[in-house]
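Colleague: Quick check, what structure comes out for this input:
(2 chains)
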Amino acid sequence: MIVLRLALRSLRNRWVTAILTVLSITLSVVMLLGVEKIRAGTKSSFLNTIAGTDLIVGARAGDVQLLLYSVFRIGDATANITWKTVEDIKSRPEVKWVVPISLGDSHRGFRVMGTSREYFEHYRYRRNRPLEFASGEPFNNLYEAVVGSTVANELGYKVGSEIVVAHGTGRVSFGEDHKDKPFRVGGILKQTGTPVDRTVHLKMQAIEAIHIGWEKGSAPRGDNVRSAEQVQQLDLNPKSATALYVGLKSRMMTFSLQRWVNTYKQEAISAILPGVAFAQLWKILGSVELALLAISTMVVFTAFLGMIISVLGSLNERRREMAILRSVGASPINIFSLLLSEAVVLVLAGICIGVFANFIILYFGRAMIEEWTGLALDLTLITSSEAKLMVGIFIGGVVASIVPALRAYKVTLSDGLTIQT
Amino acid sequence: MKLNFKTPILALALAVQTLGVISVEASERVLDAHEHGVSKLKLAQESNTIIFELEAPGNDIVGFEHAAENDDQKSAVNEALSQLQKPELIFVLPADAKCTASNQKAEFETEEDHAGFHVTWTMTCERPAQANAITVRFFEIFERAEEVELEAIGNSGQVAIEVEKGQAKVDISQAIGE
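Modeller: Okay, here's the model as predicted:
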């Protein structure tokens, strides 16, 4: 106990160095915890990009590929699903709802997606959050679009703005677009932190409408030209879909319907469990997680190095103090434990302040982070995995401080009661 | 600058390079479900009921993938079936969950070019929240088996886990819960 009291007094005596050391440990703890929180938040928001959908059906392909184009709009489908097949799936007894999506066009770098009104009702993210409208509402008529929050922000759209859809998905349109059939922004969605933010949603029928006369692959000419009004009179029922989001009456039926889809003879289609495909995808991204952790571990390591340097540096000027302690009866072991307890106090203080500071930052910054990045971070003082990290830091800190403590032990042994120079 | 889920997107970009490989792997699995050494276990939970489905290639259980041709093979199949009649003793839920097994059904299915075991069963649990892990005794009983691909969907979400030989316990709390 006397050692601990001595340690505290000694630290108070060297308070500038002590505070700086604690500060550097605190900063490294804040950084490590921050990275850990962001990592956990990214993972959970990524894994929860889509929820409430039991199966996603698309052209037969790998699970991850199907997930990439149907949810992230990355890459393209190998084929579309014919509407006859869509009807077959809809009429299965297990199926509660089917939301078709149709991809292939773009608007100023953002993907355009055809879908039905039910999309806004059934799409869920972050466990069970539905899409919400910041303004406007789901499309009521053919030439209305619903845009994600990023689309609206970056392009400055408001309800009522007019937009023209480009043919194809390239960033630069080949001068061929659907300008003869402009759309009106009818609704703007609130930010979700998912690919929905970067999507322009149209009705399935609208996708059909803007492509009437485009069967040859280029803009219609001469007799094939139909005005926006004329098109409305035509049969606009969709002929195909890129993918389907499927909701089931009971979760128990998921695997049997998946098997039915995967062995569907008339067309090569497959069904994936979104959660399972996300887990597969996240496994590929595991190295990124590891890199983040490696960087913050290095920061912690640097903080310890700083601590060792400052204690070692002070040893020489403390030789007289050590000698005095020895003269009043302290053994070299006492000196060793004195230095060790000083370090333990510093490390502990650094960790506690760090954890607390991290919580404060999170408490005040959470809303702002969510607004900027769409990342919802959990407000917790410390999770079990973070606690493990902190224990690791503590052990690391104690081990690191053994170096200067041992040095002091040796020096006091050889110095004895008088300093030999 | 607005970040907007760019972190996952960035990570995705890194992953795209490897995707060619991945998709080939996944589509092969669709075509050839009877990969040697790999069995599939599927769990679906609704409130306090969990249904299980196990598909194991014949090779993993009895060492051949065709209809039993001689007495030795017939008795091997029968012995395997008698063990698979009690699948709840092979994939064991925690005792705390207080689950009872029912509807156990085990079959040896032979087709033209392969044969395998198909087992289904139902567990009804008093405390489904505790049914968050499986003790796997499959590899002890069937030594030829190398891997079980586990997919679980339930009250807490969906999860996919590859269980390798030697792994005794699997955490399924991401899917199965209250």
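
Colleague: CA only for contacts and neighbour counts going forward, please
Modeller: Will do.

Colleague: Can you give me the neighbour number for the residue lying closest to A:Met307 once chain neighbours are set aside?
Modeller: Once flanking residues are discounted, A:Met307 sits nearest to A:Thr21: 5.9 Å by CA to CA, 6 or more residues apart in numbering or on different chains. Other residues near A:Thr21 come to 24 when the count uses other CA atoms under 10 Å in any protein chain shown.

Colleague: State whether A:Thr21 is indeed within a strand.
Modeller: No - judged by DSSP: H, G, I helix; E, B strand; the rest coil, A:Thr21 forms no part of a strand; its state is helix.

Colleague: Could you tell me how far it is located from A:Phe304?
Modeller: 9 Å (CA to CA, to the nearest Å).

Colleague: With A:Gly392 instead?
Modeller: For A:Gly392, the distance to A:Phe304 equals 12 Å [CA to CA].

Colleague: So between these two, which is more surrounded?
Modeller: A:Phe304 (24 against 12).

Colleague: B:Asp113 contacts B:His66, doesn't it?
Modeller: Yes - here B:Asp113 lies in contact with B:His66, judged by CA atoms under 8 Å, at a distance of 7.2 Å.

Colleague: ok, those two, which is more surrounded?
Modeller: B:His66 (18 against 8).

Colleague: ok, now which ones touch the more buried one?
Modeller: Going by CA atoms under 8 Å, 6 or more residues apart in numbering or on different chains, B:His66 touches B:Gly58, B:Thr110, B:Glu111, B:Glu112, B:Asp113, B:His114, B:Ala115.

Colleague: what about 6 Å?
Modeller: Applying CA atoms under 6 Å, 6 or more residues apart in numbering or on different chains to B:His66 gives the contacts B:His114, B:Ala115.

Colleague: now it: how far from B:Glu107?
Modeller: 14 Å.

Colleague: Could you do B:Val136 as well?
Modeller: Counting by CA to CA - B:Val136 and B:Glu107 are separated by 20 Å.

Colleague: For these two, indicate the residue with more neighbours.
Modeller: For B:Val136 versus B:Glu107, neighbours defined as other CA under 10 Å are more numerous around B:Val136 (21 against 17).

Colleague: so the more buried one touches B:Gln167, yeah?
Modeller: No - applying CA atoms under 6 Å, one finds B:Val136 not in contact with B:Gln167, separated by 7.4 Å.

Colleague: What residue in the stretch 51-200 of chain A comes nearest to chain B?
Modeller: A:Gly62 (4.4 Å; CA to the nearest CA).

Colleague: I'd like to know how many residues surround that residue.
Modeller: 25.

Colleague: With A:Phe364 instead?
Modeller: By other CA under 10 Å, neighbour count at A:Phe364 equals 10.

Colleague: for B:Glu79, same thing?
Modeller: B:Glu79: 12 neighbours (other CA under 10 Å).

Colleague: Contacts only, for the closest residue to A:Ala268 other than its chain neighbours.
Modeller: Spatial nearest neighbour of A:Ala268, chain neighbours left out: A:Arg60 (5.2 Å); criterion: CA to CA, 6+ apart. Contact partners of A:Arg60, counting by CA under 6 Å, 6+ apart, are A:Ala268, A:Ile269, A:Ser270.

Colleague: Most neighbours among those, which one is it?
Modeller: A:Ser270 (25 neighbours).

Colleague: so that residue, which of the three states?
Modeller: A:Ser270 ends up strand, using three-state DSSP.

Colleague: Please apply the same query to A:Asp180.
Modeller: coil.

Colleague: Against A:Leu155, how distant is it?
Modeller: 21 Å.

Colleague: Between those two, tell me which one has more neighbours.
Modeller: Looking at A:Asp180 and A:Leu155 with other CA under 10 Å, you find the greater number of neighbours at A:Asp180, namely 13 against 10.

Colleague: Any idea which helix or strand in chain A has the lowest mean pLDDT?
Modeller: Using mean pLDDT, DSSP states H and E, helix A:228-232 stands out as the lowest-scoring helix or strand of chain A, at a mean of 68.

Colleague: With chain B instead?
Modeller: Counting by mean pLDDT, DSSP H and E, the weakest-scoring helix or strand in chain B turns out to be helix B:6-31, with a mean of 44.

Colleague: Now the element after that one, going C-ward?
Modeller: Tracing the chain past helix B:6-31, the next element assigned as helix or strand by DSSP states H and E is strand B:38-46.

Colleague: What pairs with that next one, parallel or antiparallel?
Modeller: Strand pairing for strand B:38-46, using DSSP bridges, gives strand B:49-57 (antiparallel), strand B:147-154 (parallel).

Colleague: what comes up buried for the longest one?
Modeller: To tie it back to what came earlier, the one meant is strand B:49-57. Of the residues in strand B:49-57, B:Thr49, B:Ile50, B:Ile51, B:Phe52, B:Glu53, B:Leu54, B:Glu55, B:Ala56, B:Pro57 count as buried by neighbour count, 16 or more other CA atoms under 10 Å in any protein chain shown.

Colleague: Now do the first one, the pLDDT please.
Modeller: It stands for B:Thr49. According to the predicted model, the pLDDT of B:Thr49 comes to 92.

Colleague: separation between it and B:Lys40?
Modeller: 20 Å.

Colleague: after the helix or strand harbouring A:Phe336, next one along is what?
Modeller: Element membership of A:Phe336 [criterion: DSSP H and E] is helix A:332-373. Counting by DSSP H and E, the element after helix A:332-373 in chain order, helix or strand, is helix A:384-415.

Colleague: helices or strands next to that following helix in the packing?
Modeller: For helix A:384-415, the contact count by 3 or more CA pairs under 6 Å, 6 or more residues apart in numbering or on different chains; DSSP states H and E identifies helix A:332-373 as packing neighbours.

Colleague: Do any residues in the helix it packs on lie close to chain B?
Modeller: Yes - counting by CA under 6 Å from any CA of the partner chain, contacts between helix A:332-373 and chain B involve A:Trp372, A:Thr373.

Colleague: elements contacting that helix?
Modeller: Using 3+ CA pairs under 6 Å, 6+ apart: helix A:332-373 touches helix A:2-13, helix A:15-47, helix A:384-415.

Colleague: what's the neighbour count on the residue lying closest to A:Ala18 once chain neighbours are set aside?
Modeller: Excluding the flanking residues, the one nearest A:Ala18 by CA to CA, 6+ apart is A:Leu11, at 6.2 Å. As a burial measure, A:Leu11 scores 18 neighbours (other CA under 10 Å).

Colleague: Would you mind measuring from A:Leu11 to A:Val399?
Modeller: Distance from A:Leu11 to A:Val399, by CA to CA: 19 Å.

Colleague: A:Ser310 now?
Modeller: Counting by CA to CA - A:Ser310 and A:Val399 are separated by 15 Å.

Colleague: for stretch A:142-151, the distance to its chain's centre please.
Modeller: Mean-position distance between stretch A:142-151 and its chain equals 24 Å (CA atoms, centre = their mean, to the nearest Å).

Colleague: can you tell me if that stretch touches chain B.
Modeller: No - Stretch A:142-151 stays clear of chain B (CA under 6 Å from any CA), getting no nearer than 7.8 Å.
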